[in-house]
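A.B. asks: A structural model of the following input is requested.
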Amino acid sequence: EQLQMARAETQSPEEELRSYNEELQSANEELQSLNEELETSKEELQSLNEELATVNAELQGKNEALSSANDDIKNLFDSTKIATLFLDTHLRVKRFTPEVGKIINLVQEDIGRPVSHFNSNLVGDNLAQHSQEVLDTLLPEETELSSTDGRWYLRSIQPYRATHNVIGGVVVTFIDITERKRLELAAEEARQFAQDIVETVREPLLVLDRDFHVVSANESFYRKFKLTAPLTERRSLFELITRQWDVPELRRLLEQVLSEDHTFDNFMMEQGSPDLDHIILLLNGRRIHRGAPDGDLILLAFEDVTDREKKAELRALAARLHAVREEETTRLAREIHDELSGSLTALKMDLSLLPDRVAKDHNLFLEKLRSMSELIDNTLAQVRTIVTELRPVVLDKLGLIPAIEWRAREFQERSGIACETHLPVEEIPMDRDR
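C.D. replies: A predicted model of the protein is given here:
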């Protein structure tokens with residue numbers, strides 16, 4: 001029994017040892033499995049570490065690029081003279097360039113504050129209201145504004161478009177256009193000065209473009225040709241006044257002014273219409289050099305020489321009348337000398353011989369008296385003819401118009417030159433004592 005008890009006691013530790021051994025083997029297997037898992041995890045960690053190192057390198061590169069881009073943008077903002085202001089969707093200040101400080105008193109600590117809290121030195125500016133309108137309509141806005149220190153700025157408000165066309169606020173730029181504005185004002189003053197000079201010129205003036213359309217005209221032109229600016233400007237010269245200026249020679253001269261820098265003077269034209277009197281014009285053309293993209297212009301001046309031509313015609317007519325008067329005076333003097341003087345001389349000779357004829361023969365005396373009577377009658381007829389030519393009797397009896405008609409017919413019969421009279425219907429009063 002003791003031996004069995006001892007064997008039993010001996011078997012119990014052996015079983016425990018076997019159990020511990022099995023447990024150790026199981027733990028060893030678990031440790032081996034865990035070791036394998038750790039090896040796998042180590043490999044995964046190494047792979048993940050390599051990926052993290054790659055990502056880190058990429059991030060480092062992107063950070064460097066972003067930092068470089070940020071530096072570029074900062075230097076760009078600092079170097080440009082354009083004042084730029086960035087506002088978010090609530091019109092709070094996000095970023096701005098140093099030039100903005102000349103217009104709006106902003107410092108870095110103001111970032112995040114609403115723009116409505118600040119006043120600009122621009123006259124009549126309401127930046128918050130206009131920025132909100134651009135946000136609402138998404139339509140850009142540009143306005144020229146003057147500042148309290150006398151400078152001019154072009155304010156532009158644009159929607160700020162982020163990635164995927166998301167509106168992230170507005171971008172406001174202020175461009176200094178003071179020099180341009182001064183040049184524009186100087187050009188406007190020069191244009192107005194030139195326009196005032198042109199308006200004071202009495203002769204009609206016309207400015208044409210390269211297609212011969214009217215750019216502008218002075219008041220003398222409108223008064224002279226009874227036109228208005230709406231009916232004249234931007235229309236072709238050759239369409240005005242029932243196309244009376246549509247003359248091939250004038251068109252050729254105007255083309256030469258532009259193509260050959262040619263000038264022309266004293267191109268004569270006659271014009272007349274139901275609305276205008278018959279006039280005689282002298283046209284002068286000059287090229288106006290501008291250097292503009294749309295080309296040079298043509299200055300066309302009109303001089304009304306109707307009165308001058310009429311005066312020249314009147315002078316020529318007066319000279320002709322004087323010559324005719326001298327011819328008539330010479331002819332009358334010749335007739336008086338040749339006919340009337342000869343008749344009177346013959347009558348005087350007959351009178352001197354009359355006593356002798358009376359003493360010799362009574363019949364011869366009577367014959368001589370008849371001859372003398374006929375000579376006196378002829379002399380009186382010649383006197384009447386000369387007097388009629390000097391002042392027709394019909395002038396005193398019937399008036400001036402019948403006298404002119406009679407004189408024209410008499411001159412046509414005597415000279416063979418056809419005469420045509422254009423006289424008023426009503427009688428022309430005259431002084432009979434003159």
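A.B. asks: Just the CA trace of the host helix or strand of residue 182, in PDB.
C.D. replies: Here residue 182 is covered by helix 178-200, with elements defined by DSSP states H and E. This file holds the C-alpha atoms of helix 178-200, laid out as PDB (Å, rounded to 0.1, in the frame of the first residue of the first chain):
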ATOM      1  CA  THR A 178      -3.100 110.400 -62.300                       C
ATOM      2  CA  GLU A 179      -0.700 111.000 -65.200                       C
ATOM      3  CA  ARG A 180      -3.200 109.500 -67.700                       C
ATOM      4  CA  LYS A 181      -5.900 111.700 -66.300                       C
ATOM      5  CA  ARG A 182      -3.800 114.700 -66.500                       C
ATOM      6  CA  LEU A 183      -3.000 113.900 -70.200                       C
ATOM      7  CA  GLU A 184      -6.700 113.400 -70.900                       C
ATOM      8  CA  LEU A 185      -7.600 116.700 -69.200                       C
ATOM      9  CA  ALA A 186      -4.800 118.400 -71.100                       C
ATOM     10  CA  ALA A 187      -5.900 116.800 -74.400                       C
ATOM     11  CA  GLU A 188      -9.500 117.800 -73.600                       C
ATOM     12  CA  GLU A 189      -8.400 121.400 -72.900                       C
ATOM     13  CA  ALA A 190      -6.400 121.500 -76.100                       C
ATOM     14  CA  ARG A 191      -9.300 120.000 -78.100                       C
ATOM     15  CA  GLN A 192     -11.700 122.500 -76.500                       C
ATOM     16  CA  PHE A 193      -9.200 125.400 -77.200                       C
ATOM     17  CA  ALA A 194      -8.900 124.200 -80.900                       C
ATOM     18  CA  GLN A 195     -12.700 123.900 -81.100                       C
ATOM     19  CA  ASP A 196     -13.100 127.400 -79.800                       C
ATOM     20  CA  ILE A 197     -10.700 128.700 -82.400                       C
ATOM     21  CA  VAL A 198     -12.500 126.800 -85.100                       C
ATOM     22  CA  GLU A 199     -15.900 128.100 -84.000                       C
ATOM     23  CA  THR A 200     -14.600 131.700 -84.200                       C
END
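A.B. asks: Name the residues that touch that helix?
C.D. replies: Here helix 178-200 makes contact (CB atoms under 8 Å, 6 or more residues apart in numbering) with 144, 150, 151, 152, 205, 216, 218, 219. Bear in mind the C-beta positions are built from the backbone N, C-alpha and C, glycine included.
A.B. asks: which element is the residue nearest to the first one when sequence neighbours are not counted on?
C.D. replies: Spelled out, it's residue 144. In this structure, residue 144 finds its nearest non-sequential neighbour in residue 154, 5.6 Å apart by CB to CB, 6 or more residues apart in numbering. Element membership for residue 154 (DSSP H and E) is strand 152-161.
A.B. asks: C-terminal to that strand, which secondary structure element comes first?
C.D. replies: strand 167-176.
A.B. asks: in its sheet, what does that next one sit against?
C.D. replies: Sheet pairing for strand 167-176, assigned by DSSP bridges, gives strand 83-87 (antiparallel), strand 152-161 (antiparallel).
A.B. asks: For those strands, give me TSV that also has mean pLDDT, mean neighbour count and distance to residue 404.
C.D. replies: Below are the strands paired with strand 167-176 laid out as TSV (pLDDT from 0 to 100; neighbours: other CB atoms under 10 Å; distance: least, CB to CB, whole Å):
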stretch	mean pLDDT	mean neighbour count	distance to residue 404
strand 83-87	91	22	89
strand 152-161	92	18	77
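A.B. asks: How many residues are close by residue 225?
C.D. replies: 20 (other CB atoms under 10 Å).
A.B. asks: Please apply the same query to the one 5 residues further on.
C.D. replies: One way to gauge burial is a neighbour count; for residue 230, by other CB under 10 Å, it gives 8.
A.B. asks: where are the low-confidence patches of the stretch 201-350 of the chain?
C.D. replies: By pLDDT under 70, the low-scoring segments of the stretch 201-350 of the chain are 272-277, 291-294, 308-319, 321-326, 328-350.
A.B. asks: quick one, helices of it?
C.D. replies: Ranges of helices in the stretch 201-350 of the chain, per DSSP state H, counting those that start in this stretch, are 219-225, 248-259, 306-335, 341-360.
A.B. asks: for the host helix or strand of residue 134, which positions count as buried?
C.D. replies: Assigned by DSSP H and E, residue 134 falls within helix 127-137. For helix 127-137, the neighbour count (16 or more other CB atoms under 10 Å) marks 127, 130, 131, 132, 134, 135 as buried.
A.B. asks: Looking at those, spot the one nearest residue 268.
C.D. replies: If you rank the buried residues of helix 127-137 by distance to residue 268 using CB to CB, residue 130 comes first, at 60.7 Å.
A.B. asks: I figured the closest one was touching residue 157, is that so?
C.D. replies: Yes: taking contacts as CB atoms under 8 Å, residue 130 lies within contact range of residue 157: 5.8 Å.
A.B. asks: residues in contact with the closest residue to residue 99 other than its chain neighbours?
C.D. replies: Leaving aside its sequence neighbours, residue 99 sits nearest to residue 83 (CB to CB, 6+ apart; 3.7 Å). Applying CB under 8 Å, 6+ apart to residue 83 gives the contacts 96, 97, 99, 100, 102, 103, 153, 173, 174, 175.
A.B. asks: Swap in 6 Å and give it another go.
C.D. replies: Applying CB atoms under 6 Å, 6 or more residues apart in numbering, we find residue 83 in contact with 97, 99, 100, 103, 174.
A.B. asks: Isn't the last one up against residue 153?
C.D. replies: By that I understand residue 174. Yes: the pair residue 174 / residue 153 is scored as a contact, 4.6 Å apart, by CB atoms under 6 Å.
A.B. asks: circling back: now for the buried residues of helix 127-137: which two are most distant?
C.D. replies: 127 and 135 (12.3 Å).
A.B. asks: Need the three-state assignment for residue 49.
C.D. replies: helix (DSSP: H, G, I helix; E, B strand; the rest coil).
A.B. asks: okay, now it: neighbour count?
C.D. replies: 10.
A.B. asks: likewise residue 205?
C.D. replies: Using other CB under 10 Å, the number of residues around residue 205 comes to 19.
A.B. asks: so it bridges to which residues?
C.D. replies: Assessed by DSSP bridges, residue 205 has beta-bridge partners residue 301.
A.B. asks: isn't it right up against residue 301?
C.D. replies: Yes: contact criterion CB under 6 Å: residue 205 and residue 301 qualify, at 5.5 Å.
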